[in-house]
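Asker: Return atomic coordinates for the entry below.
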Amino acid sequence: VTFEITGGADDGLFEIVNDDELRFNADDVPDFEVSTAAGGGQAYVVIVTASDGADPANTVAQTITVTIADVNDEDPVFTSDAAIGLDENTQAVVELTATDADSGDSVTFEITGGDDSDHFEIVNGDELQFKTADIPNFEAPYAVGGGQAYEVIVTASDGADTANTVAQTITVTIADVNDE
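Answerer: Modelled structure (predicted):
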């Protein structure tokens, strides 16, 4: 029995190898986030015809629909700012935001480093702020670098079983206000 691709909306994306294995062409392996299916969704349609090679040949065609499932293969992407200007005596720094192209993933945040990380906390899951005892005062800076720039590293995780993560260094620069 021999097999041949004989049609289907996505027939150009497939090939038959080793005489009996249907697979996507190497350049056309599908990505859930960027569909190339003719119908625009996740269903790829190809028609394969089997022939017994007799004379005259007996053939039968079968329509095959391959549906692509999403896998956790995309890292979160930060959409919140990495450089923050903040007046002295202010506790709230930034609402952390990130997106993830994988369906069903929700992003969580964690402080994972930075020279001044001990002075920061995340509250309500996504609000980066100075700890209450560490609200910066322009006249009495304590940043490790000695100036008014405080550095913290926040990591975003998509929380899946095989979590993808991305870190962002956030620099908070404190401005003087007329408070004395």
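
Asker: tell me the contacts of residue 96?
Answerer: 78, 80, 109, 122, 126, 127, 128, 154, 156 (Cβ atoms under 8 Å, 6 or more residues apart in numbering). For the C-beta atoms, the positions are set from N, CA and C on the backbone; glycine is no exception.

Asker: For the last one, give the beta-bridge partners.
Answerer: The bridge-partner assignment for residue 156, based on DSSP bridges, gives residue 109, residue 166.

Asker: give me every residue that touches it.
Answerer: Counting by Cβ under 8 Å, 6+ apart, the residues that residue 156 touches are 76, 78, 96, 98, 107, 108, 109, 165, 166, 167, 168.

Asker: For ChimeraX, write the select line for the buried members of the residues you listed.
Answerer: Of those, the buried ones go into a single ChimeraX selection, burial set by 16 or more other Cβ atoms under 10 Å:
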select :76,78,96,98,107,108,109,166,168
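
Asker: quick one: which of the contacts of residue 96 is nearest residue 17?
Answerer: residue 156 (39.8 Å; Cβ to Cβ).

Asker: so how far is residue 106 from the closest one?
Answerer: 11 Å (Cβ to Cβ, to the nearest Å).

Asker: Show me where this protein has its strands.
Answerer: Using DSSP state E, the strands found in the chain span residues 2-7, 14-17, 21-24, 43-51, 59-67, 77-78, 83-87, 92-95, 98-99, 108-113, 120-123, 127-130, 149-157, 165-175.

Asker: Pairing partners for the fifth one, with directions?
Answerer: Looking at strand 59-67 with DSSP bridges, its partner strands are strand 43-51 (antiparallel).

Asker: for the record, mean pLDDT for the strand it pairs with?
Answerer: Across strand 43-51, pLDDT averages out at 96.
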